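*Asks:* The following block contains a protein sequence and its predicted model.
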Number of protein chains: 6
Amino acid sequence: MALRTQLVNTRITPRFAGICTFCRYPRLEEVAPEARPVDWAVYGVPFDSGVTFRPGARFGPRAVRDASQYVKPYHIEHDVNVAEVFSLADGGDSPVRPYSLKENADVVASFAASLADPSTRLLAVGGDHSIAYANIKAAWQRRQQAGGGGGKGGLPVIHFDSHLDTVDTVWGEKWGHASPFIRAIEDGLIDPTRMISIGIKGPLNTRDDLQYAKDKGITVVSPDRWRAEGAKLAAEFLAKLKGEPAYLTFDIDVVDPAFAPGTGTPSVGGLTSGEALSAVRAFKGVKLAGADVVEVLPDRDVSDITAFLAAHIVFEVIALDAAGR
Amino acid sequence: MALRTQLVNTRITPRFAGICTFCRYPRLEEVAPEARPVDWAVYGVPFDSGVTFRPGARFGPRAVRDASQYVKPYHIEHDVNVAEVFSLADGGDSPVRPYSLKENADVVASFAASLADPSTRLLAVGGDHSIAYANIKAAWQRRQQAGGGGGKGGLPVIHFDSHLDTVDTVWGEKWGHASPFIRAIEDGLIDPTRMISIGIKGPLNTRDDLQYAKDKGITVVSPDRWRAEGAKLAAEFLAKLKGEPAYLTFDIDVVDPAFAPGTGTPSVGGLTSGEALSAVRAFKGVKLAGADVVEVLPDRDVSDITAFLAAHIVFEVIALDAAGR
Amino acid sequence: MALRTQLVNTRITPRFAGICTFCRYPRLEEVAPEARPVDWAVYGVPFDSGVTFRPGARFGPRAVRDASQYVKPYHIEHDVNVAEVFSLADGGDSPVRPYSLKENADVVASFAASLADPSTRLLAVGGDHSIAYANIKAAWQRRQQAGGGGGKGGLPVIHFDSHLDTVDTVWGEKWGHASPFIRAIEDGLIDPTRMISIGIKGPLNTRDDLQYAKDKGITVVSPDRWRAEGAKLAAEFLAKLKGEPAYLTFDIDVVDPAFAPGTGTPSVGGLTSGEALSAVRAFKGVKLAGADVVEVLPDRDVSDITAFLAAHIVFEVIALDAAGR
Amino acid sequence: MALRTQLVNTRITPRFAGICTFCRYPRLEEVAPEARPVDWAVYGVPFDSGVTFRPGARFGPRAVRDASQYVKPYHIEHDVNVAEVFSLADGGDSPVRPYSLKENADVVASFAASLADPSTRLLAVGGDHSIAYANIKAAWQRRQQAGGGGGKGGLPVIHFDSHLDTVDTVWGEKWGHASPFIRAIEDGLIDPTRMISIGIKGPLNTRDDLQYAKDKGITVVSPDRWRAEGAKLAAEFLAKLKGEPAYLTFDIDVVDPAFAPGTGTPSVGGLTSGEALSAVRAFKGVKLAGADVVEVLPDRDVSDITAFLAAHIVFEVIALDAAGR
Amino acid sequence: MALRTQLVNTRITPRFAGICTFCRYPRLEEVAPEARPVDWAVYGVPFDSGVTFRPGARFGPRAVRDASQYVKPYHIEHDVNVAEVFSLADGGDSPVRPYSLKENADVVASFAASLADPSTRLLAVGGDHSIAYANIKAAWQRRQQAGGGGGKGGLPVIHFDSHLDTVDTVWGEKWGHASPFIRAIEDGLIDPTRMISIGIKGPLNTRDDLQYAKDKGITVVSPDRWRAEGAKLAAEFLAKLKGEPAYLTFDIDVVDPAFAPGTGTPSVGGLTSGEALSAVRAFKGVKLAGADVVEVLPDRDVSDITAFLAAHIVFEVIALDAAGR
Amino acid sequence: MALRTQLVNTRITPRFAGICTFCRYPRLEEVAPEARPVDWAVYGVPFDSGVTFRPGARFGPRAVRDASQYVKPYHIEHDVNVAEVFSLADGGDSPVRPYSLKENADVVASFAASLADPSTRLLAVGGDHSIAYANIKAAWQRRQQAGGGGGKGGLPVIHFDSHLDTVDTVWGEKWGHASPFIRAIEDGLIDPTRMISIGIKGPLNTRDDLQYAKDKGITVVSPDRWRAEGAKLAAEFLAKLKGEPAYLTFDIDVVDPAFAPGTGTPSVGGLTSGEALSAVRAFKGVKLAGADVVEVLPDRDVSDITAFLAAHIVFEVIALDAAGR
């Protein structure tokens, strides 16, 4: 087996000690040449100017870094140790532009584009959901650069969320956290016919809020429908991929506020954490082109349970990719 | 379609802004003549002198008003927009008598009796469960005034709660929050043979605590039984109504403390919020004669998740009625 | 005595009940003609896009409205009952533009300009400190319209804060919460030679951060200096006014985090709440042209003590003006 | 020296262990005959139906018991070890009548009257301030039974509070927490001309709220006045006693909300905890006839700092008496 | 029926009042001779020096005592009133040795060995899971003393936990909270072939972490497997007992952090509280030889929901035994 | 001026972004050769097994790192920019031995001894106060190695604390957090005749607890005495130094719980944060040989105010040294 990056040693630095990096991965600039290129670089995007309700997710990456000190590398269900399979690194935090959403999308996209090796997959930790656009863009660019049979028509997307995030504009702004997927679809970065949005629920402002997704062919799945037929839906999605890698975007508000109080636009009646983990695992076999975990708002968290869950979602996503390769 | 009341405009007053009314409905006195009479008036009863354990639910209406700013009007599952179907208003808070339970029951009943138009249904936000008596009384009076085939034998009741609330007296007092339903049954306001109590669980003080409900023919349903045969039970209940409207009373402690920590007499092993929402939706087809949502205790809440859930229960109840008409 | 606005009656609506307006003042649109024009209109500006660290002050007006239900009208030290001396109203919340700081400054200024009667003084409740610019602008315009000997050279300012807020730009933005006073000075709205900034403390980024204030002649007073010679400084300030009204701006972070944990850029070693109240009272005799109380961030508050303090500062400011007339 | 009660041994039962009694004193029924009669019995009154704003102080005795596990017995400033000077016991909790204020006053007074030996002084831990009446009554009765030169004209009182608590009735009720001292004065239990109320502050509802205290000759002292001339005021008070014991009543809201967030009617600008402790110590030389520490509301506390402070006030009061004998 | 111990009377001492003992049981030393020997003694072990991540469970017994005031004695599902079936007592807290794990194991085992009557079953409330060893040892010794067909091969064990707790050593220490079951197996106190560990989940440090349990024949059950085939697994376990009593050990971290945030090594995706209660009930018919409920960490709890749940687990365990006899 | 280490750039990485190091100093291993040796290395000691009451300070270094992101480098009162005067670095966290106090003292001392350059001063962030011993030992060794007129008789010490920490043993252990100074005095590391302990207060277990300090000649100063004569005491202390550097140890519990709720053995009536900062500044002119800031317990903190204060104390200490050179 190739040489892998090493996690911080818990014998020397217990999980309550040390400078915090995501999941105790080494910082990208510290990775030894023989462990390069890294398979996944996890980086933060401390940005929340895109929100429509509660701000504060700019502190999300810091909270997830802290909470992720307790994340261990071996995944029982997939029987895979991510630290043995992958080289992994903390890519630091992207620069941000708190006073301009469009500029921010550009600066994050630019940072992501240059992060690590072109073969490295990127997992962005938000920040509000608006930051997904930039990471999707980077993932799509890498996918195109990789060439081969893929790289056309945009990325397939596995989307966990209480909200569709396909609103055109809010208060005249096109780049807020309600709009990343409409922008990404417009720009050809994702393929809505191979996009599944899991956990979508109401109430909504109007019936029309569902129209765009329907028109574009997004598979919209409520929590109850997922509980009833999630396995079938996941299989159908995987079948459409034909081996192409997909992008995974996880808005923590897909989970009920009891499990994730620390978020900006909570939605009652959501998945339990167990259901959410199972839902991610249901896509076993998928290869990932990139991912994000967003909308952790530490100021509303209690006893860090939201950040702790988000940190484990980061792990779950990487383990899913490990199981799929 | 008739003219309806308008919600506060989120373009001008975002959901984090403005003087708070329930679900951003207009205050009753502001409703334009052409939008009258309102179909539902939501009002608060800031009273908690009836409690047997933790007080503080007097701050419930305020917390629910605040949290309800995020409630939107379109219900996906019922495919109904309550703001298009109904005129809706915030009726303000009832006067209360913190130092006397009986006086309080009277003053709230009197306030409710005179609130809005006789055709308006009333949704009371508590406050402890003792306040349900007064709102049930008002609902029953309106029902009787409406005449027709109904109005005899008391209201059918859909009751969500961890507790039966049919204790005769506590510490010598007949009007506390453990007694609203025994009082209402004694006074002929509700019909126990058409009352279903969902979510009832132990531990109890004695086996005898179940006896009154059994004797009166109340359908008592534990969480596990609801999970197993809720659909059937709801159908049976609906069948008994023969078109008559029912009263719905929702004690937030029916939900597990993880989902509703902010309550006075929590009970472990309760429904999840998703189960609770589904349980309300299971009664689709019912017409409501009135309702209450009670026992939100903000001082014990965390990150406002209890108030936020309660605010959505208020919406769910009104949407249920909208779907049934 | 002229007819005054009436506070909500605590006999009917206890302080834990009712729809919340600032200090239980009537809403502006409800004020009876005979109680008009109101002397002070208190309004909210739920805006926090100007922050450089923690956002969330957009929820400040809501929290202050809630906490202010406990504010009573009689001030012992000044021996004045503000509800007997003044007509007072809640002006609601200004529209905001969360995605653009400059647009927001304009829209708030426009709202303020048209609020109530030209003779009404405006007290803005933030929101971050960037919103002070708009309210100062409105105050200055009213001052100029009032004519007479005043209205030249900008308003004198009593400024409570841990920070000078005279930074030219942050991340390229001129309208953030570190810059309201440099902008107001540039635009001639305030007179820096008659501006006293109380509670200023470090650490700072560089020594140069103090330079602008020095150059412009602002009187910069540290907490320790205020403790030692506050009375003298207040007297000197009052002497410079020659009867002209001053503007008062109160950033809650002037108070130590123990007293005001709910704020975005806290500063250790601040005034106690008692010292802060005494400091406001030290300016007895001043007439006010307008005021703001800003930077309450409820998500970081504990047991609402920050909002509760801010609500009492609102009262203290109005009482100061009452004592000065 | 006579045999004294023993505190729980910290070598066997660390301060984080064991069934909690006040300050680790033995329960009254456990006190050995040779350590009887106890000098002070500390008992709880878990009652809060007398409040006008936030309820919850019924949980005060439990919180103070828990927090008091860390209280040690040696007082540096008075150079006295209360456990060497006094026999001390936890008298348990009084029965209460949550649904009736007058009945409660009677049942608590009855419990207090029969508690321990007639020579034992009683320290009641509230509960809301309404419970002071019953304990004052018991103290006065014991004082009268003790005979001698005292026992006429009512007890002298050292009163720490933000509020005078001399309101005649609230919402028609005479026995609420705003009224204990008017009732006690009416009943001749306390002597208002030898009553000093320290920490009184505004805002008030009206100027008239101060009138009763003035008329009766209560010495009303604001925080600022206490800071300026507390030593003199204490000396004057002591001079009036002529050796007679006084009653001490401590409402935790006399301390600023930063130090005591866990209380029902907080008041900004209060004493610091250091000032409060010094204020109690300023009465060195007084002998106490009884005492109470009230208005701890754990649901609003943060990190138990209010209960922790209250527990130390209990100690401070007993140490004051020890230093005076 | 034999005379039983009496719970504290809620008519005199409401659930918010009084000195707290576990579930309001009398203190062991207070139990009347005619109610002896007690069937169960619940005692605390305020010890947390065995933790590998967050300490603080030393405050667990205190928190559970407080929260348990609301536990009632009648169990609906088992139709049993534990206070009628059993004599029950609070055994106080064991002495502890915070600075030495091995010494602590010895001192707790010694305390347990001498607690109450040899026929009394012991329920230890932790404290971290390391304390289970001592209580298992005491249970096994009592079992052996009782003689008969049992008392060989170690106790059968029902184990609820997210973790196996069979790590040999951590940081060179053999007696920490990751190791109680490997030590108990080594010492022959428990029989791994009749041990079922329910709720075990990842992530783990390595695949090898599962090996010891496999080698020893422990039945390891993940949450999902329990949901799918719990009834069958419980039946199989019961079948193996052949009437012998089992030991039950409940680590609160088996429940998801949403339900039990107050614990030291939380694990996402756990059972809900309802699932956990059902899981305990699934073993109906078992007789218990002893039990523990551990890892409640109050400093991380929110609104006491973890302690409240743990208190009800204590009740559930005793009710299970009552139902089995 | 010599080349200095650079702080993280706030234009690229705002204070809410990035991997956290103490005060945004570079990690020690990243410091460029031309900026070496660093003047101060700040490192964490995540250890709390020495506590006698509440554990959890092992998370102190992490919390202080997070909170210190807001610390700026220019000190107004001393008119010094520490980043211009000093090269500064984060030395990471020391290895710890959670299961053995003596081993831990050794391993931390060993880590400290080898940290950075012998000329670098070390500031240890705790962790409980027991860790001070190891850092004092390292400071004394460096002082001795530096030779010259100093290096005899042990270090002079400026000690801020509510407690003397000179207890010989607790529960048989010599290396707990109540004992660092008795151990350091025994080992000749500090000179008690030039040790000033500021903020010491009761209550104590016995009068004898003060004896050791008196016998050894430590200057023990209560909060009130410091307020009255702090300037004089500081001058006297400085006079005794004759230019020798002193060690500064700051236990956050010297500050009142209102300002520092997040600590393990809080003490009511402490200094305010402003008084504490002034007290440190009172020693202007001192040169430091090393320092520690200890006893931050994040699980008991509210809104991070304790960690935030501690982070600023770290800065204050370094600025004091900068002002003294």
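*Replies:* Arrived safely, thanks for sending. Numbering: from 1, shown residues only, chains lettered A, B, ... in the order given.
*Asks:* send the alpha carbons of whichever strand in chain A runs longest over as CSV?
*Replies:* Assignment by DSSP state E gives strand A:190-198 as the longest strand of chain A. Provided in CSV are the C-alpha atoms of strand A:190-198 (Å, rounded to 0.1, in the frame of the first residue of the first chain):
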residue,chain,number,x,y,z
ILE,A,190,-24.5,20.1,-12.2
ASP,A,191,-27.0,17.9,-14.0
PRO,A,192,-30.4,18.3,-12.5
THR,A,193,-31.8,15.1,-14.0
ARG,A,194,-29.2,13.2,-12.0
MET,A,195,-29.8,15.2,-8.8
ILE,A,196,-31.6,13.8,-5.9
SER,A,197,-32.7,16.1,-3.1
ILE,A,198,-33.4,14.2,0.1
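*Asks:* near chain B at all, it?
*Replies:* No. Strand A:190-198 lies out of reach of chain B by Cβ under 8 Å from any Cβ of the partner chain, never closer than 13.0 Å. Backbone N, C-alpha and C define where each C-beta goes, glycine included.
*Asks:* Go through that strand and flag the buried ones.
*Replies:* A:190, A:191, A:192, A:194, A:195, A:196, A:197, A:198 (16 or more other Cβ atoms under 10 Å in any protein chain shown).
*Asks:* what's in contact with that strand?
*Replies:* A:136, A:140, A:153-161, A:164, A:181, A:184-185, A:213, A:216-221, A:226, A:230, A:233, A:237, A:240-241, A:246-247, A:254, A:279 (Cβ atoms under 8 Å, 6 or more residues apart in numbering or on different chains).
*Asks:* and that strand, which strands flank it?
*Replies:* Strand pairing for strand A:190-198, using DSSP bridges, gives strand A:155-160 (parallel), strand A:219-221 (parallel).
*Asks:* now the buried residues of strand A:190-198 as TSV including distance to residue C:117 and pLDDT?
*Replies:* Below are the buried residues of strand A:190-198 laid out as TSV (distance: Cβ to Cβ, whole Å; pLDDT from 0 to 100):
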residue	distance to residue C:117	pLDDT
A:190	55	97
A:191	59	98
A:192	54	98
A:194	61	98
A:195	55	98
A:196	58	98
A:197	52	98
A:198	55	98
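*Asks:* which of these sit farthest apart?
*Replies:* A:191 and A:198 (16.7 Å; Cβ to Cβ).
*Asks:* before we move on, the earlier item: need the strands paired with strand A:190-198 in CSV with mean pLDDT and mean neighbour count, can you?
*Replies:* Compiled in CSV, the strands paired with strand A:190-198 are given as follows (pLDDT from 0 to 100; neighbours: other Cβ atoms under 10 Å in any protein chain shown):
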stretch, mean pLDDT, mean neighbour count
strand A:155-160, 98, 26
strand A:219-221, 98, 20
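*Asks:* Stretch A:117-130 and chain B, are they touching?
*Replies:* No. Counting by Cβ under 8 Å from any Cβ, chain B has no neighbours in stretch A:117-130; the shortest distance is 14.5 Å.
*Asks:* just the strands in the stretch 1-150 of chain A please.
*Replies:* A:40-45, A:74-75, A:80-81, A:88-93, A:121-126 (DSSP state E, counting those that start in this stretch).
*Asks:* Look at the closest residue to residue A:83 other than its chain neighbours and say how many residues are nearby.
*Replies:* Counting by Cβ to Cβ, 6 or more residues apart in numbering or on different chains, residue A:83 lies nearest to residue A:73, which is 3.9 Å off, once chain neighbours are set aside. Residues lying near residue A:73 (other Cβ atoms under 10 Å in any protein chain shown) number 25.
*Asks:* try the one 4 residues further on
*Replies:* Residues near residue A:77, counting by other Cβ under 10 Å, number 17.
*Asks:* next one: residue A:213
*Replies:* That count, for residue A:213 with other Cβ under 10 Å as the rule, works out to 21.
*Asks:* sec struct for it, please.
*Replies:* helix (DSSP: H, G, I helix; E, B strand; the rest coil).
*Asks:* State the distance from it to residue A:121.
*Replies:* 26 Å (Cβ to Cβ, to the nearest Å).
*Asks:* quick one on the thing from earlier: now the strands of the stretch 1-150 of chain A in JSON lines, with mean pLDDT?
*Replies:* Putting those into JSON lines (pLDDT from 0 to 100) gives the following:
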{"stretch": "strand A:40-45", "mean pLDDT": "98"}
{"stretch": "strand A:74-75", "mean pLDDT": "98"}
{"stretch": "strand A:80-81", "mean pLDDT": "97"}
{"stretch": "strand A:88-93", "mean pLDDT": "98"}
{"stretch": "strand A:121-126", "mean pLDDT": "98"}
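*Asks:* among these, which is nearest chain F?
*Replies:* Chain F lies closest to strand A:88-93 among the strands of the stretch 1-150 of chain A, at 4.5 Å (Cβ to the nearest Cβ).
*Asks:* Report the inter-axis angle for that closest one versus strand A:40-45.
*Replies:* 20 degrees (axes from the mean of the first three to the mean of the last three Cα atoms, to 10 degrees).
*Asks:* check whether strand A:88-93 contacts chain C.
*Replies:* No. Residues of strand A:88-93 are not located near chain C by Cβ under 8 Å from any Cβ, the shortest gap being 14.9 Å.
*Asks:* how many degrees apart are that strand and strand A:121-126 in direction?
*Replies:* Going by the same axes, to 10 degrees, strand A:88-93 makes 50 degrees with strand A:121-126.
*Asks:* what helices or strands is strand A:88-93 leaning on?
*Replies:* strand A:40-45 (3 or more Cβ pairs under 8 Å, 6 or more residues apart in numbering or on different chains; DSSP states H and E).
*Asks:* Who are the packing partners of the strand it packs on?
*Replies:* When contacts are defined as 3+ Cβ pairs under 8 Å, 6+ apart, strand A:40-45 packs onto helix A:60-67, strand A:88-93, helix A:101-113, strand A:121-126, helix A:305-324.
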